[in-house]
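Q: Sequence first, then the predicted structure, then my questions.
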Amino acid sequence: MARRGRLTTAHGVIETPIFMPVGTQATVKAVSPDELRELQARIILGNTYHLFIRPGMEVIRHFHGLHQFMNWDGPILTDSGGFQVFSLAKLRKITEEGVAFQSHLDGAPCFIGPETSMQIQATLGSDIAMVFDECPPYPCEHDYAANSLDRTLRWAKRCRDWSAEHAPAHQRVFGIVQGSSYPELRRRSAEALAEMDFPGYAVGGVSVGEPEEGMMAAVEYSTPYLPTNKPRYAMGLGTPPQMVEMIARGIDMFDCVLPTRIARNGTAFTDAGTINLKNAQFIMDKGPIETGCECYACKNFTRGYLRHLIKAEEILGLRLVSLHNLHYYLNLMKRVRDALDSGEFAAFRRGFVSNYRPSHSVSENDG
RNA sequence: GUGGUCGUAGCUCAAUGGUUAGAGUCCCAGAUUGUGAUUCUGGUUGUUGCGGGUUCGAAUCCCGUCGAUCACC
């Protein structure tokens, strides 16, 4: 099931499996494009919803698109805004046309539908645009999920058609599988999208609060019905072992805020699991975050120093941990690719997952 | 030296004479999955300066004492 792939875009070739750092507001938070290149990030995310609200498309158009605006000349994938409309905006009203909502910044009334989303993404000039979908909450009643899915499929077709006529020639549009936790809906979604013949497919509606098994199941319900010669993208995922497990299930692309977000709160990834650099145990620690790590933070700074920076709320602290965590994620994908190339992925997967200790909350004081 | 004001958690401060003296911050942990740096959730911490007294009951009232601070000499 796990596979290697190659995705060609106007701004470069992407070897899969790949992790895509998230750069919601035309920046991967705390990290410069130079540093992203040094980290060997091959493709990053941008966000329709956020950039539409601020700075707005007039500004993006003025700067000739997102690549030039943020000075990143590698590939960019833009999210359609479907997820953010549901996770961030207030007072949304869904109709066949699209979603009316209030901006999370100032409450201003806004509207994004399939065509507006594609229009925005065309203006952004991303290499990969996502269809505008509805991301239903978890848990979700079957009837609601079915109706939502049908509408999302109609939207997908509208996105594809709008894009075929108006989008810049270099831009590809990926479909998004929905269907909540229902196997037959996931299958229906994947088959319908495959019929529409997208150049890539995402599994959406995951990491919305469901247990991890549900997340895995949603992927397993979807991938068997997607074409094998097109990239598959698990949206918003995941932890390191989750990604390895998803790759074993035929996923090629990931994006996740986890490495950058938790970096800003002092948590760093290692092969043994996450460590919280704020913990008192690191005060006098002269070692790097992870022994043998080749990232800038690990080659130059101690845990004790990083702990100090983070406790003192110094910006360098969150930058250094962000660099480490991104390096960790990007390097993990490289290790996976190497393992796939040498035919040792199964062994790598076993070793990695058993070594990684998930930081489950120890709630012994409950009650 | 005289007179006034004030001493409460590490810090800044609450608390009609009436449950187990609270809050913010700090500190200690945890959370974070298509973004949240400055976020969220928990938790530890007190001889109410000290010593007496009044009272059923004192951080609170009285006396003494120590300390800080201000004014005057």
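A: Great, that's in hand.
Q: Every contact and neighbour count from this point should use C-alpha atoms.
A: OK.
Q: so where is the stretch 1-150 of chain A shaky, pLDDT-wise?
A: For the stretch 1-150 of chain A, no stretch has pLDDT under 70.
Q: for RNA strand B, what are the nearby residues on it?
A: If contact is defined as C-alpha under 7 Å from any atom of the strand, the residues of the stretch 1-150 of chain A in contact with RNA strand B are A:21-24, A:28-29, A:47, A:79-84, A:88, A:130-135.
Q: Apply 6 Å and report the result again.
A: By the criterion of C-alpha under 6 Å from any atom of the strand, the positions of the stretch 1-150 of chain A lying close to RNA strand B are A:22-24, A:28-29, A:47, A:79-80, A:82-84, A:133, A:135.
Q: Pick out the most distant pair among the residues you listed.
A: Across those, the two members that end up farthest from each other (C-alpha to C-alpha) are A:29 and A:133, 25.4 Å apart.
Q: Show me which of those two is the more surrounded one.
A: The residue with the greater number of neighbours, taking residue A:29 and residue A:133 and applying other C-alpha atoms under 10 Å, is residue A:133; the counts read 30 against 18.
Q: I'd say that one and residue A:156 touch.
A: Yes. The pair residue A:133 and residue A:156 qualifies as a contact (C-alpha atoms under 8 Å) at a distance of 7.2 Å.
Q: Reformat the residues of the stretch 1-150 of chain A next to RNA strand B into JSON lines and put distance to residue A:249 and secondary structure next to each item.
A: What follows is those, written out as JSON lines (distance: C-alpha to C-alpha, whole Å; DSSP: H, G, I helix; E, B strand; the rest coil):
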{"residue": "A:22", "distance to residue A:249": "23", "secondary structure": "strand"}
{"residue": "A:23", "distance to residue A:249": "26", "secondary structure": "coil"}
{"residue": "A:24", "distance to residue A:249": "27", "secondary structure": "coil"}
{"residue": "A:28", "distance to residue A:249": "28", "secondary structure": "coil"}
{"residue": "A:29", "distance to residue A:249": "30", "secondary structure": "coil"}
{"residue": "A:47", "distance to residue A:249": "27", "secondary structure": "strand"}
{"residue": "A:79", "distance to residue A:249": "23", "secondary structure": "strand"}
{"residue": "A:80", "distance to residue A:249": "25", "secondary structure": "coil"}
{"residue": "A:82", "distance to residue A:249": "25", "secondary structure": "helix"}
{"residue": "A:83", "distance to residue A:249": "24", "secondary structure": "helix"}
{"residue": "A:84", "distance to residue A:249": "27", "secondary structure": "helix"}
{"residue": "A:133", "distance to residue A:249": "23", "secondary structure": "coil"}
{"residue": "A:135", "distance to residue A:249": "22", "secondary structure": "coil"}
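Q: So which of the residues you listed is the closest to residue A:330?
A: Within the set of these, residue A:22 lies nearest residue A:330; the separation is 12.2 Å, counting by C-alpha to C-alpha.
Q: how about the closest one, what does it touch?
A: Under the criterion of C-alpha atoms under 8 Å, 6 or more residues apart in numbering, the contact partners of residue A:22 comprise A:28, A:44, A:45, A:46, A:255, A:256, A:257.
Q: any idea how far the most centrally placed residue in chain A lies from residue A:191?
A: By C-alpha atoms, centre = their mean, chain A has its centre lying nearest to residue A:255, at 2.0 Å. According to C-alpha to C-alpha, to the nearest Å, residue A:255 and residue A:191 sit 24 Å apart.
Q: now do residue A:275
A: 41 Å.
Q: neighbour count winner among those two?
A: When residue A:275 and residue A:191 are compared on other C-alpha under 10 Å, the one with more neighbours turns out to be residue A:191, at 19 against 16.
Q: Can you tell me the element that one falls in?
A: Element membership of residue A:191 [criterion: DSSP states H and E] is helix A:183-196.
Q: by contact count, what packs against that helix?
A: The contact analysis (3 or more C-alpha pairs under 8 Å, 6 or more residues apart in numbering; DSSP states H and E) places helix A:183-196 against helix A:142-166, strand A:172-177, helix A:212-222.
Q: what's the most buried one of those?
A: Per residue and on average, the most neighbours among the helices and strands packed on helix A:183-196 fall to strand A:172-177, with a mean of 28 (mean count of other C-alpha atoms under 10 Å).
Q: Give the full set of residues in contact with the residue nearest to residue A:315 when sequence neighbours are not counted.
A: If you skip the residues right next to it in sequence, residue A:315 has residue A:309 as its closest partner in space, 7.6 Å away by C-alpha to C-alpha, 6 or more residues apart in numbering. Residues near residue A:309 by C-alpha under 8 Å, 6+ apart: A:315, A:316, A:317.
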